[in-house]
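Undergrad: predicted model, plus sequence, below.
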Amino acid sequence: MKILTGSQIREADQYTIEHEPIESLALMERASEVIAQWICNNIPQEQPLAFFIGKGNNGGDGLAVARMLHNVGYSCSVYVLFDKRQLSVECRYNLERLPHGVRVQGMDRVEVAEDAVAIDALLGTGVRGGLSEPVRGAIALVNGLGCRVISIDLPSGMLSEYGNAGREIVYADVTLTLEFPSWRCCCPRRGRLPAKSLFCRSNWTRTINDRHGRRIIMRTVGTYRNWYCPVAVLPTKEPMGTPCWFAARRA
């Protein structure tokens, strides 16, 4: 299993866009389909979904997922943190594509049912330095809802690699990240960990594998999931280094 840095993940996205080739919006749609499918498989339609949307492409992912889930019968509410003019091109495009049945409003009046699931799409891997308003307030609001929280890509506010100790982040119950785990999801020394991180596979793996020389084994009919499950061996203390090395080599 490959564990990537935030910059490597962005590089993989850009390489796929340029060499598959595929437009950024189409790549976003592809990723959002995988996330929406996971939610369909794990969250019953009776539970309302509240989407918290930032201004970048992570917000665009959230809006695309909201549209897809509304179309299959989920009750979806969308809370947009920024003015429409401040949104990225992809984010604004997906906001305009929302069906009329999806309630869209600002973050000044958030009403979330007790049995709702909050979908965190405020910030993605582009976070740099400290947080300012209105993002800090939005993160505090999501953390204070008291309901289950699912983050797209990574909990909002979390840095890709280092320096997360003491940061204000969304305390997600589940984080849905695409293709490969990253350092932020695996290393306790890098600050608070997401409660659970799940790696959703989309269809752009073959392209970036060729670029980075990685080998991906696709599951075939008649085989079992546990034959292919990736394993991360993460020593937390120095004396554990040698047995962890042997375990990884044996695997």
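TA: Received, thanks. Given the structure is predicted, the values throughout are model-derived calculations rather than measurements.
Undergrad: which intervals of the protein have sub-threshold pLDDT?
TA: 1-10, 12-17, 19-22, 161-162, 179-251 (pLDDT under 70).
Undergrad: how about the strands in it?
TA: Counting by DSSP state E, residue ranges of the strands within the chain are 49-53, 76-80, 103-106, 117-121, 148-152, 174-178, 197-200.
Undergrad: of all the ones you listed, which lies closest to residue 26?
TA: Smallest distance to residue 26 across the strands of the chain (C-beta to C-beta): 14.5 Å, for strand 174-178. All C-beta atoms are positioned from the backbone trio N, CA, C, and that covers glycine.
Undergrad: state which helix of the chain is the longest.
TA: As assigned by DSSP state H, the longest helix anywhere in the chain is helix 24-42.
Undergrad: does anything pack onto it? Which helices or strands?
TA: The helices and strands touching helix 24-42, judged by 3 or more C-beta pairs under 8 Å, 6 or more residues apart in numbering; DSSP states H and E, are helix 6-19, helix 57-71, helix 89-96, strand 174-178, strand 197-200.
Undergrad: alpha carbons only: can I get it in PDB?
TA: Extracted in PDB, the C-alpha atoms of helix 24-42 (Å, rounded to 0.1, in the frame of the first residue of the first chain):
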ATOM      1  CA  SER A  24     -11.300  18.600 -13.900                       C
ATOM      2  CA  LEU A  25     -15.100  18.600 -13.600                       C
ATOM      3  CA  ALA A  26     -15.300  15.000 -15.000                       C
ATOM      4  CA  LEU A  27     -12.700  13.800 -12.500                       C
ATOM      5  CA  MET A  28     -14.700  15.500  -9.700                       C
ATOM      6  CA  GLU A  29     -17.800  13.700 -10.900                       C
ATOM      7  CA  ARG A  30     -16.100  10.400 -11.000                       C
ATOM      8  CA  ALA A  31     -14.800  10.800  -7.400                       C
ATOM      9  CA  SER A  32     -18.200  12.000  -6.200                       C
ATOM     10  CA  GLU A  33     -19.900   8.900  -7.600                       C
ATOM     11  CA  VAL A  34     -17.600   6.700  -5.500                       C
ATOM     12  CA  ILE A  35     -18.300   8.700  -2.300                       C
ATOM     13  CA  ALA A  36     -22.100   8.800  -3.000                       C
ATOM     14  CA  GLN A  37     -22.100   5.000  -3.600                       C
ATOM     15  CA  TRP A  38     -20.400   4.500  -0.200                       C
ATOM     16  CA  ILE A  39     -23.000   6.600   1.500                       C
ATOM     17  CA  CYS A  40     -25.800   4.700  -0.300                       C
ATOM     18  CA  ASN A  41     -24.400   1.400   1.000                       C
ATOM     19  CA  ASN A  42     -23.900   2.600   4.600                       C
END
